Structure formats: structure tokens, C-alpha cells
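Participant: Curious how this folds, go ahead:
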Amino acid sequence: MAPVPVARPRASLLLLAYLAFVSLGLPDGLIGVGWPSMRRDLGVPTEAVGLLLFAGTTGYLTSSVLAGFTLARLGVGRLLAVSTLLASLALTGYASAPHLTMLIGCALMLGLGSGAIDSGLNAYAAGAFGPRHMNWMHAFFGLGVAIGPLIMTGVLSVGLSWRWGYGSVAAAQLALALAFALTVRAWRDRGPAAASAPAPPGGGPDTTTPVPAVAPTLAPVRVRDTLRLPAAWLGALAFAVYVAIEVAAGLWAFLLLTEGRGVSAAVAGGAVSAYWGSLFVGRVVQGVVAERLGTAGILRGSLLGMAVGAALVAVPGPAWLAVAGLVVIGFAAAPVFPLLTLTTAERVGAAHADRVIGLQIGAAGLGAALVPAGVGVLISRTSVEALGPALLVLAVVLLIVHATGTRRPPSVA
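Facilitator: Prediction:
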């Protein structure tokens, strides 16, 4: 059968996908700057923020998993429109909440909306976008995380309440929901992704014509058939471990550099910013490289690079060595999440891809919530120098899980 030619994604849908990922990152950036003012207004202790994070994670995990199983019925356009509207309503609730209880309910609602947006867009992009746009789409999440604090800082610096920060983002989400609603039909067709064909042996440039990651017409499969696939669970585990590394490195690096390596708070803060910056830059740069070299080779090199960076952090030595390791981890990790999503159909089969992507996104949220907290417990019971070895162990586990999950091609459609 002749290969299917690559279809270019529509510019309007690409723009909406990028904006949607910016919107996913905005609330994460708002709360860090806004919480001191929020807790004073609401009369709650500092640690009460944990209740909001727990509620948001619960909603995110729930909708991430369910989104993969409901996409076929709702369609990605409707799912995105409804989920973005839900996120807008949740942020409006933040802006008007008179007490903590309402905030917790809004955090749960925001998690439900965000998880569905994340899963829905990743499932769509895995079949419609090539590796360049998949990487760039995820880079825009980092842009949203960076813009969020600027919005809240600007609001507070001119003497306005923190509620205006959430209200402005809620208005932006409402506009995005309207845009999704007006383009529901445009989201129905998925063109073949440019990176769905396996990379040639040796990881060299892929000169073959890509095959579609998601076929235009797929026979329905039972949920139990999807859940029986070992590759589905290995993929979910890979996502959980990857995100655990990404979050744990960013969360505990400041403590390592200040208490473990003796640098000033200003320098440590700059190093953490460099870590997140390398993740953003890496996704922009490697989005282009992945299309030229093939996804398989880029993934292998990235996973090895993460292990090398973790080893640099683990080696006792001067602070610059740990900073270099963090930057290596960030740059190497940049394409892993988008490319693992993009190649899901290769591992589990096109008919199962949407559901498995939902499971993977849910597992990523679980890994982000549990493992970094576990690393914190380890640090408190040993020393902050335990961060490097913990990251190295996780990086090796990720290498093993990925190699196991891609050893054999799936025997499913």
C-alpha cells in the first residue's frame, strides 16, 4: 500500500493549540506570587495552599484519564471548548471566592478543565502535528508558567487585589473557549503526523514518507482491550517517572544549591531559572532537530542526556557542577514529553492511542504530585545531597522503562 503523504496542520489550529498550552501554564504561575496576599485576605495559614494543590491534582488526574475514553464520543473540539469554559468558570470563582472552601472547589474544577485540555490536545496533536510543532506546543506551556507571575506581580504592584489577576486570566480563558467552540468542525479531521514513522536504523535522518499516526477510520475497540496492553502501562510509567524528574529537579535545586553547595539565594534562584529556561529553549530548538534526525534517535539521546545531567548533580563538588547538571537535565528533557506522546500510536496501535494518551497524562500528574514529595521526605531524613542520586536513579529507571516499552512493535491495530 502506498504511503500516506504528510498533511500540514492548519495554522489557525496550531495557534489555538499554542494559546491553549499558554493558558494551561498561567494558573500555575499566578498562585506562587498571589498566595501571600490570598491567605491574608482569607485568613488562612500558609500551609493551606496544600489543600488547593491536592484538589487541583485530584481533578487533573480524573479528567486526564477520562478524557482519553470520551474523545471518540464528544470529539476533540467540543471537549476543548467545554473544558476551557470550565477552567474559565473556575478562575472566575477564584476571583470572587469569599472563603477557602470555595477556593478548594474551584481548584478541583480548574484541575478537571486543565486535565481534559491537556489530554485532548495531546491526543489530537499526536495524530495531526509533527515533532516540531509538538515540541513547540509544550514549550508554550513553559511560556505560560513564566507569564503568570508577571501578570500577578503587575496587578499587585499597581495596588489592585490579587483577584484581578485571576479575573484577567479567566477572561482570556473565556475568549479561548469561544474560539474552540467556533472551530469545532475544524478539529474533526486529523492529518498524519510527520514523525509517526519509525526512525531508520542507527538514528540517522528519516527520509521515508511518514505514515499516519492515527488512521482516518478506526474500528472501535473495547476499553478492556486497551487496558490489557503492557505497552499502555509501560508508557504511563514512563510519563510518571519523566515528570517526576522534571518537577523534582526544579523543586529542590534551590535547596541543594543554597544549603548543600553554599551559594547565595540570588545565584541559586538564577540557576533554577536557567534550568526552566533550558527546558523551554530545548523544546524550541529540538522541535526542528527531531524532524531532521527522527524521533527515536532524539528520544534515546535525550534520556541518556538526562542521566548524564543527573550524574553531574549527584557528584559532590563545586556549585557550578550542579548548575551545569541542572541545565543539561533541562535541555535533554525538553523533547521527551512531547515525543513520547507523539509516538504513542507506534507502541500501542492507532486504535488505542487516544485512550492511552489520557492514561499517560494522568500518570504524569500522579508522578508530579507523589515522587517529588517523596524526594523531599528523603532529603529531610538524610541530607539535601540526596537529590542528585535520587534523580540519577529515576533517570536510569526511565531509560529501562522506555527500552522495555519499545522493544517490540505492538500487535494491535
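
Participant: Give the other helices and strands that whichever strand or helix holds L52 contacts.
Facilitator: According to DSSP states H and E, L52 maps onto helix 49-74. In terms of contacts (3 or more C-beta pairs under 8 Å, 6 or more residues apart in numbering; DSSP states H and E), helix 49-74 is packed against helix 11-42, helix 76-96, helix 100-128, helix 353-381. Every C-beta, even on glycine, is put in place using the N, C-alpha and C of the backbone.

Participant: Between helix 11-42 and the shortest one, find me the angle.
Facilitator: Taking axes from the mean of the first three to the mean of the last three C-alpha atoms, to 10 degrees, one finds helix 76-96 and helix 11-42 inclined to each other by 20 degrees.

Participant: Can you spell out which helices and strands pack onto helix 76-96?
Facilitator: helix 11-42, helix 49-74, helix 100-128, helix 162-182.

Participant: Okay, and L237 sits in which element?
Facilitator: helix 230-255.

Participant: in that helix, what's buried?
Facilitator: 231-254 (16 or more other C-beta atoms under 10 Å).

Participant: still on that earlier bit, return the most buried member of the helices and strands packed on helix 76-96.
Facilitator: Ranked by mean neighbour count, the helices and strands packed on helix 76-96 are led by helix 100-128 with a mean of 25 (mean count of other C-beta atoms under 10 Å).

Participant: Quickly list the domain ranges of this structure.
Facilitator: 11-187, 223-405 (automatic domain parsing).

Participant: how long is the first one end to end?
Facilitator: Domain 11-187 has its terminal residues 12 Å apart, counting by C-alpha to C-alpha, to the nearest Å.

Participant: so how far is it off the chain centroid?
Facilitator: Its chain's C-alpha centre and that of domain 11-187 lie 13 Å apart, by C-alpha atoms, centre = their mean, to the nearest Å.

Participant: ok, back up a step: would a markdown table of the domains of the chain with mean pLDDT be doable?
Facilitator: Below are the domains of the chain laid out as a markdown table (pLDDT from 0 to 100):
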| stretch | mean pLDDT |
| --- | --- |
| domain 11-187 | 84 |
| domain 223-405 | 86 |
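
Participant: Quick one: residues contacting the nearest residue to P372 once chain neighbours are set aside.
Facilitator: Computed as C-beta to C-beta, 6 or more residues apart in numbering, the closest residue to P372 that is not its neighbour in sequence is A248, at 4.1 Å. Residues counted as contacts of A248 (C-beta atoms under 8 Å, 6 or more residues apart in numbering) are 371-372, 375, 387, 390-391, 394.

Participant: Weed out the non-buried ones from the residues you listed.
Facilitator: 371-372, 375, 387, 390-391, 394.

Participant: which of the contacts of A248 sit farthest apart?
Facilitator: Greatest spatial distance in these: V371 and L387, 12.2 Å, computed using C-beta to C-beta.

Participant: how about L392, what does it touch?
Facilitator: By C-beta under 8 Å, 6+ apart, L392 lies in contact with 307, 310-311, 313-314.

Participant: got the end-to-end distance for stretch 42-56?
Facilitator: First-to-last distance for stretch 42-56 - C-alpha to C-alpha - comes to 19 Å.

Participant: that older thread, I'd like to know which of the buried ones among the contacts of A248 is nearest to T343.
Facilitator: Proximity of those to T343 (C-beta to C-beta) peaks at L394, which lies at 20.8 Å.

Participant: So the closest residue to that closest one other than its chain neighbours versus L108, what's the distance?
Facilitator: Nearest non-adjacent residue to L394, counting by C-beta to C-beta, 6+ apart: I245, 5.0 Å away. Between I245 and L108 the computed distance is 27 Å (C-beta to C-beta, to the nearest Å).

Participant: got it, and Y124?
Facilitator: Distance from Y124 to L108, by C-beta to C-beta: 25 Å.

Participant: again with G305
Facilitator: 37 Å.

Participant: Kindly report the same for A334.
Facilitator: Computed with C-beta to C-beta, the distance linking A334 and L108 is 31 Å.

Participant: repeat for R10
Facilitator: Separation of R10 from L108 (C-beta to C-beta): 34 Å.

Participant: Equivalent analysis for A271, please.
Facilitator: Separation of A271 from L108 (C-beta to C-beta) stands at 34 Å.

Participant: What are the buried residues along the helix or strand harbouring A311?
Facilitator: Assigned by DSSP H and E, A311 falls within helix 295-314. Across helix 295-314, burial judged by 16+ other C-beta under 10 Å covers 295-303, 305-307, 309-314.

Participant: which helices and strands does that helix pack with?
Facilitator: Under the contact rule (3+ C-beta pairs under 8 Å, 6+ apart), helix 295-314 is packed against helix 230-255, helix 265-293, helix 319-333, helix 336-342, helix 387-405.

Participant: and if we set it to 7 Å?
Facilitator: helix 265-293, helix 319-333, helix 336-342, helix 387-405 (3 or more C-beta pairs under 7 Å, 6 or more residues apart in numbering; DSSP states H and E).

Participant: and of those, who's closest to M152?
Facilitator: So among the helices and strands packed on helix 295-314, helix 265-293 is nearest, using C-beta to C-beta, at 17.0 Å.

Participant: What is the closest one packed up against?
Facilitator: Checking 3+ C-beta pairs under 7 Å, 6+ apart, helix 265-293 ends up next to helix 131-157, helix 230-255, helix 295-314, helix 319-333.

Participant: tilt between it and helix 230-255?
Facilitator: 150 degrees.

Participant: Counting neighbours, which bits of helix 265-293 end up buried?
Facilitator: Those would be 268, 271-272, 274-284, 286-287, 289-291, 293, for helix 265-293 by 16+ other C-beta under 10 Å.

Participant: any idea how far it is from the chain center?
Facilitator: On C-alpha atoms, centre = their mean, the centre of helix 265-293 falls 14 Å from that of its chain.

Participant: same question, stretch 302-319
Facilitator: 22 Å.

Participant: quick one: contacts of that stretch?
Facilitator: 245, 257, 261-263, 321-322, 324-326, 328-329, 332-333, 335-336, 385, 387-389, 391-392, 395-396, 398-399, 402 (C-beta atoms under 7 Å, 6 or more residues apart in numbering).

Participant: at 8 Å instead, please
Facilitator: Contacts for stretch 302-319 (C-beta under 8 Å, 6+ apart): 245, 249, 256-257, 261-263, 267, 271, 286, 321-322, 324-336, 339, 385, 387-389, 391-392, 394-396, 398-399, 402.
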